[in-house]
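A.B. asks: here is a sequence with its predicted model. Questions after.
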Amino acid sequence: MPPHKGLTPQTKRPVPPGWTYGGIDDSWDYAGSIGPAVAKSFGLGPVQPILEDRYGIPQIIQSGDKSFWWDLVNSDIYEFATQDLGEIYHALHQSGPRKLDMRFLEEIDD
């Protein structure tokens, strides 16, 4: 999927290189989609997708006032140390996600 240029509709911030917001709702919008089930398994409430990389592998999502990195390949979710989307976007623009501190979340038992 080609990256979208311009501003993300959710945050009104420029889309970082290699990231997109187009098609991101595919994991969240229809009955039986994987996003809500994964979010629930990590104890997250309703989720707002923010960005995904151009291949749709990781996504940046928000639940409540917290921001998360969702690794779709491994079904892992990490909470960003910073909850400032401006800082997250800045890091993605400058050096990609490797400069962002994240904490691994454990799945909860039902």
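C.D. replies: The structure has been received and is ready for your questions. Numbers count the residues shown, from 1 in each chain.
A.B. asks: low-confidence stretches in the chain?
C.D. replies: Where the chain drops to pLDDT under 70, the residues are 1-11, 22-26, 29-31, 110.
A.B. asks: what about the strands in it?
C.D. replies: Using DSSP state E, the strands found in the chain span residues 19-20, 47-53, 58-63, 66-71, 76-80, 102-104.
A.B. asks: what's the spacing between the last one and its chain's center?
C.D. replies: Mean C-alpha position of strand 102-104 versus that of the full chain (CA atoms, centre = their mean, to the nearest Å) differs by 13 Å.
A.B. asks: one step back: and the strands of the chain as TSV, adding mean neighbour count and distance to Ile88?
C.D. replies: To be clear about C-beta, it is placed using only N, CA and C from the backbone, and glycine gets the same treatment. Compiled in TSV, these are given as follows (neighbours: other CB atoms under 10 Å; distance: least, CB to CB, whole Å):
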stretch	mean neighbour count	distance to Ile88
strand 19-20	22	11
strand 47-53	21	9
strand 58-63	22	7
strand 66-71	19	6
strand 76-80	20	6
strand 102-104	12	10
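A.B. asks: out of these, nearest to Gly86?
C.D. replies: Set against Gly86 and scored by CB to CB, those come closest in strand 66-71, at 11.0 Å.
A.B. asks: which neighbouring elements make contact with the closest one?
C.D. replies: Secondary-structure packing of strand 66-71 (3 or more CB pairs under 8 Å, 6 or more residues apart in numbering; DSSP states H and E): strand 58-63, strand 76-80.
A.B. asks: and if we set it to 10 Å?
C.D. replies: The contact analysis (3 or more CB pairs under 10 Å, 6 or more residues apart in numbering; DSSP states H and E) places strand 66-71 against helix 34-41, strand 47-53, strand 58-63, strand 76-80, helix 85-94, strand 102-104.
A.B. asks: make a markdown table out of those and add distance to Trp70.
C.D. replies: A markdown table is the format used below for these (distance: least, CB to CB, whole Å):
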| stretch | distance to Trp70 |
| --- | --- |
| helix 34-41 | 7 |
| strand 47-53 | 9 |
| strand 58-63 | 5 |
| strand 76-80 | 5 |
| helix 85-94 | 13 |
| strand 102-104 | 11 |
